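Novice: when you get a sec, could you give me coordinates for this:
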Amino acid sequence: MADPEIRVLADLAADPDPDNPEWVEITDRVAYGDGGRAVTVTVGRQDDLAEIRPTEIEFALRNHDGRFTPANAASPLFGRWEQGRRVMVVEHLDGADYPLGAGILSMPEQRVVDPRTSQPVTVTAVDWMGRLDGGAAPFVSTLAEYIRNNGSGRLVEYYPLSDPEHPMMSLITGRLAQPKIQRFPGEGGSDDWDLTRLIKPQAVDGPPGDDASYPAWSMIPSQTTPGLHSIYAEMRLPVEVEVDHVIAVSMWVRKAEVEQVEAVWSSGTPLWIPNVALLTDVLIPDNLNPSTMWVSWDGGDVVASRRLESDAWRLVTIRVDLTQSRLDLWVGDDLRAAGTGIPLSPVTVPWVEIGSYYAGSIAHVQVRVGDETTWTYDDHLAQHAAGYHGLHRQTVADRVRTLARWAGVPEADIAMPDECATPLLPARLAGQSPAAAIRAAGEAGQDWIITDGLGRITAVPRSRRYNQNPRMSIPWGWIQRGSMRMRPDQPVTEVVVTRAGGGSARRVDPAAARRHGVRSLRYELASDVAEDAGNLAGWALRAYAAPRTRSPGFVINMLSRSSTERAELLSLRVGDLIEITGMPEGTPADLPYQVINGIKHTIGPGRVRTIEFVTSPLLGPAPGEPPPCPMVGDLVGPDAVIAY
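Specialist: Sure, this is the predicted structure:
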């Protein structure tokens, strides 16, 4: 048989665009010998209970002229061969390309170029999941990530206020929130006060759809005047932004006491909102003297007012359109007020100040600027809903799409199938790495999160793995001698499924425990279908209670196969069911039926081209019979949701 035609490509565009990669072939530089190495592509997991591993690609390139030395100004690839570029390995067969794997370039240590040798440089690449594992910052919180990734207009400054101590920093610019202690005029006494008596970081749980904690604000009663609070805190948040059209300031407010929300807008009159000084020294011309928009219980023309509930979070937005001389006040989802006032010129906003005479909690202070489309009422309502519901009832597919986008994965590199349809509980993202959160979403639906040959984040849905006929029959004679082993799995006699935020379901097989010994299998499930915990426990006990014959995997020499046979093997994907035919007499009846968990391609050096399949046994009720996949309830629409 002819040697395989392997193509290695890199996206070498001057200005990379994930939607339109500029693939350049570098196959002629691949070094197999003289210090080189095999080209390898590894995809998938080790077995059906292990975590999916990121796709890994390794090969070597001849670099005697320094062409593949990063930051080499003399290289024709200067500025284009660098960390983060995408590479792809493709096998060309009978006029068709079969992508073996794609990943994002990582530059390992290499020697200084010596032109007396070919000096191969080893190249490694991992897929998006590997990149998110290795360098992505953990999520701040569910609502914080929603805010950073949704809403019109330019988010010029954002203070989540979820820091564990003072001072509290901005997520966008790293500026510090500067808290200070204030006294009511005329009150005496010492200024030596511990700030944490007035602002206690991380003391109040956030909105129901969030999963972080925020500061508690309090006031100290007057020592001389009954009913007066004389010592209180304020916090100044640096902004430094120029506004020529629209500025919108939003924050989440939770009152400790019942107080009044009022919007006031008339010539020379401040805008009042309870105990929150929003914009300072900017929006009203100096010659009209009040210089500050802050808090009071009186003033000019009241546009609208309502009482804030005690101990309930509400999103409050102040939106000012300078060109229309219009001010809007929105509180939660049930107060919408507007007013007009004096014309306003373009201004520079130096800071936002919050907390004057305030008791309760404040979180997620946001400042946006832009044109008339900036931060509409629909945007306000959408964030308010997100704060109360998070990502509740998203399907696995939608959750992975959302998390991947929030982690910076381009839309072109996300290809989640809609069959991943299990509805999920609200996300709890605080402190989680994006990769861990994505995997957790897949586990909730028992869908395998993988990457395809083009490097896109995708999945093998549970419904696709079950109820499938063998994708391919592989003759025993194709398998490399000695590469296929077998062992009986230890049966599972107890399964415990813990539902995130809820109870646990436990299923036990006492007879199996007496016969085979005790072995427990545990899952944590984020499905919003209450029945799923019990369904999964019962299904897993049935699936794993009987001894299964496992083959960890096997190897096939592709050079011994015809072009048609190679094409069939290259078309197999993780999650496919295969049947091995013609196995020796005495082979356990369930061994021939295996599900592909992982695939490894190896090319060179020399005449080497192998494909290795990592496999696990088919978990059906009988050899060769797919496992049942019952339906439970009409839970999210006209069609029932696949459970376990």
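
Novice: alpha carbons only for contacts and neighbour counts from here, please
Specialist: Noted.

Novice: residue 494 against residue 512, yeah?
Specialist: No - here residue 494 lies out of contact with residue 512, judged by CA atoms under 8 Å, at a distance of 9.3 Å.

Novice: between these two, which one's more packed in?
Specialist: residue 494 (23 against 17; other CA atoms under 10 Å).

Novice: that one bridge partners, please.
Specialist: residue 508, residue 520 (DSSP bridges).

Novice: which residues sit in contact with it?
Specialist: Residue 494 is in contact with 506, 507, 508, 509, 518, 519, 520, 521, 541, counting by CA atoms under 8 Å, 6 or more residues apart in numbering.

Novice: cool, residue 448 as well?
Specialist: 52, 442, 459, 460, 461, 462.

Novice: burial count for the third one?
Specialist: Think residue 459. Residue 459: 25 neighbours (other CA under 10 Å).

Novice: now do the strand or helix carrying it, average pLDDT.
Specialist: Following DSSP states H and E, the helix or strand that holds residue 459 is strand 457-460. For strand 457-460, mean pLDDT rounds to 94.

Novice: send over stretch 328-341 as CSV, restricted to the C-alpha atoms.
Specialist: Presented in CSV, the C-alpha positions along stretch 328-341 are these (Å, rounded to 0.1, in the frame of the first residue of the first chain):
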residue,chain,number,x,y,z
ASP,A,328,-34.6,57.6,32.8
LEU,A,329,-34.9,55.7,36.1
TRP,A,330,-35.6,52.0,36.1
VAL,A,331,-35.9,49.9,39.3
GLY,A,332,-36.4,46.1,39.0
ASP,A,333,-39.0,45.1,36.5
ASP,A,334,-41.9,47.2,37.8
LEU,A,335,-40.8,50.9,37.9
ARG,A,336,-40.0,52.9,34.8
ALA,A,337,-39.9,56.7,35.1
ALA,A,338,-38.6,59.4,32.8
GLY,A,339,-38.1,63.2,32.9
THR,A,340,-36.6,66.0,30.9
GLY,A,341,-34.5,68.9,32.0
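
Novice: what's the offset of that stretch from the middle of its chain?
Specialist: 33 Å (CA atoms, centre = their mean, to the nearest Å).

Novice: likewise stretch 351-361?
Specialist: 32 Å.

Novice: gap between the two ends of that stretch?
Specialist: Distance across stretch 351-361, first residue to last, is 20 Å (CA to CA, to the nearest Å).

Novice: so where's this structure shaky on pLDDT?
Specialist: 1-2, 46-51, 108-118, 184-193, 222-230, 257-310, 339-344, 628-644 (pLDDT under 70).

Novice: where does the residue most central in space within it sit: helix, strand or coil?
Specialist: The residue lying closest to the centre of the chain (CA atoms, centre = their mean) is residue 403, at 2.8 Å. Three-state call for residue 403 (DSSP: H, G, I helix; E, B strand; the rest coil): helix.

Novice: which parts of the stretch 501-644 of the chain are helices?
Specialist: 510-516, 532-545, 563-570 (DSSP state H, counting those that start in this stretch).

Novice: likewise the chain?
Specialist: 128-135, 142-149, 377-389, 396-406, 434-444, 462-465, 510-516, 532-545, 563-570 (DSSP state H).

Novice: redo the ones you listed as JSON lines? Include distance to residue 101.
Specialist: What follows is the helices of the chain, written out as JSON lines (distance: least, CA to CA, whole Å):
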{"stretch": "helix 128-135", "distance to residue 101": "12"}
{"stretch": "helix 142-149", "distance to residue 101": "30"}
{"stretch": "helix 377-389", "distance to residue 101": "37"}
{"stretch": "helix 396-406", "distance to residue 101": "19"}
{"stretch": "helix 434-444", "distance to residue 101": "19"}
{"stretch": "helix 462-465", "distance to residue 101": "21"}
{"stretch": "helix 510-516", "distance to residue 101": "41"}
{"stretch": "helix 532-545", "distance to residue 101": "32"}
{"stretch": "helix 563-570", "distance to residue 101": "11"}
